[in-house]
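K.L.:
predicted structure and sequence below. I'll ask about it afterward.
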Amino acid sequence: AQSVTQLGSHVSVSEGALVLLRCNYSSSVPPYLFWYVQYPNQGLQLLLKYTSAATLVKGINGFEAEFKKSETSFHLTKPSAHMSDAAEYFCAVSDRTDSSYKLIFGSGTRLLVRP
Amino acid sequence: EPEVTQTPSHQVTQMGQEVILRCVPISNHLYFYWYRQILGQKVEFLVSFYNNEISEKSEIFDDQFSVERPDGSNFTLKIRSTKLEDSAMYFCASSYSEGDTQYFGPGTRLTVL
């Protein structure tokens, strides 16, 4: 069965510092992987997705993620944090084993950005 | 830019009452989903819907839950007799095709007293 693990329920960085949010997945088939962001009192917004093309995926707001099959990881990075990046970030894998394509989410990581 | 909308944003109900959560998916999308997030827990899949029928449902989606696309634009989730443990944020999502990006609505926060 597919699963997603996000290390660190909270990550705190200074404005301008590197952002690294970790995601490891378990999948019996080549995965489709996603990062979603949730700002306070809003829905889930897609940041970026990996669907078996380029392993380095660029998303919105300067975020990118690299698919590493050998490490079963899909970590999210941004070179320089901005105050507006403060939000909760969810990694998800698409369950394609039975053609349902439902998303399986990690527990989320809340990013705090210090001035 | 097209978006998924959900109403109401917050619903408070008494235990045992029926609630209907409403969603308007993106207009040319064909696949519809409901997820929920209990406070402090993961976002969990409830049900997927395509071609006017359920394509998959989770263990959570028992006989108390039902979904419907009554008029070609709305997609509803009904809980027949709410329990305290149904209190959660409910998200609707839609996609154009299988495996395509799922676009989420802002959610409905359901509080069961």
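P.N.:
Sure thing, it's come through. None of the values given here were measured: they were computed from a predicted structure.
K.L.:
please name the nearest non-neighbouring residue to the most centrally placed residue in chain B.
P.N.:
Central residue check for chain B by C-alpha atoms, centre = their mean: the C-alpha nearest the mean position is that of B:Trp34, 3.4 Å away. Excluding the flanking residues, the one nearest B:Trp34 by C-beta to C-beta, 6 or more residues apart in numbering or on different chains is B:Leu46, at 4.3 Å. C-betas here are computed from N, CA, C, even on glycine.
K.L.:
is the one you found in a helix, a strand, or coil?
P.N.:
With DSSP: H, G, I helix; E, B strand; the rest coil as the basis, B:Leu46 sits in strand.
K.L.:
would you confirm that it contacts B:Glu56?
P.N.:
No: counting by C-beta atoms under 8 Å, B:Leu46 sits too far from B:Glu56 to count as a contact (9.7 Å).
K.L.:
neighbour count: these two, which is higher?
P.N.:
Taking neighbours as other C-beta atoms under 10 Å in any protein chain shown, B:Leu46 and B:Glu56 compare with B:Leu46 leading, 22 against 18.
K.L.:
so which bits of chain A are right by chain B?
P.N.:
Proximity of chain A to chain B (C-beta under 8 Å from any C-beta of the partner chain) is limited to residues A:32, A:34, A:36, A:41-46, A:49, A:51, A:90, A:92, A:94, A:96, A:98-108.
K.L.:
related to what we said a few turns ago, beta partners of the residue nearest to the centre of chain B?
P.N.:
B:Val47, B:Cys92 (DSSP bridges).
K.L.:
chain A: helices as residue ranges?
P.N.:
Using DSSP state H, no helices are found in chain A.
K.L.:
any low-confidence regions in it?
P.N.:
Across chain A, the ranges flagged by pLDDT under 70 are A:97-100.
K.L.:
can you give me the strands in it?
P.N.:
Applying DSSP state E to chain A gives strands spanning A:3-5, A:10-14, A:19-21, A:24-26, A:32-38, A:44-50, A:56-58, A:64-68, A:73-78, A:87-95, A:102-105, A:109-114.
K.L.:
buried set for stretch B:5-25?
P.N.:
B:Gln6, B:Gln11, B:Thr13, B:Val19, B:Leu21, B:Arg22, B:Cys23, B:Val24, B:Pro25 (16 or more other C-beta atoms under 10 Å in any protein chain shown).
K.L.:
now swap in stretch A:105-115 and tell me
P.N.:
By 16+ other C-beta under 10 Å, the buried positions in stretch A:105-115 come out as A:Phe105, A:Gly106, A:Ser107, A:Gly108, A:Thr109, A:Leu111, A:Val113.
K.L.:
end to end on that stretch, go ahead and measure it.
P.N.:
In stretch A:105-115, first residue to last residue: 30 Å (C-alpha to C-alpha, to the nearest Å).
K.L.:
contacts made by that stretch with the rest, please.
P.N.:
Stretch A:105-115 is contacted by residues A:4-15, A:19, A:21-23, A:38, A:81-83, A:85-92, B:35, B:41-44 when judged by C-beta atoms under 8 Å, 6 or more residues apart in numbering or on different chains.
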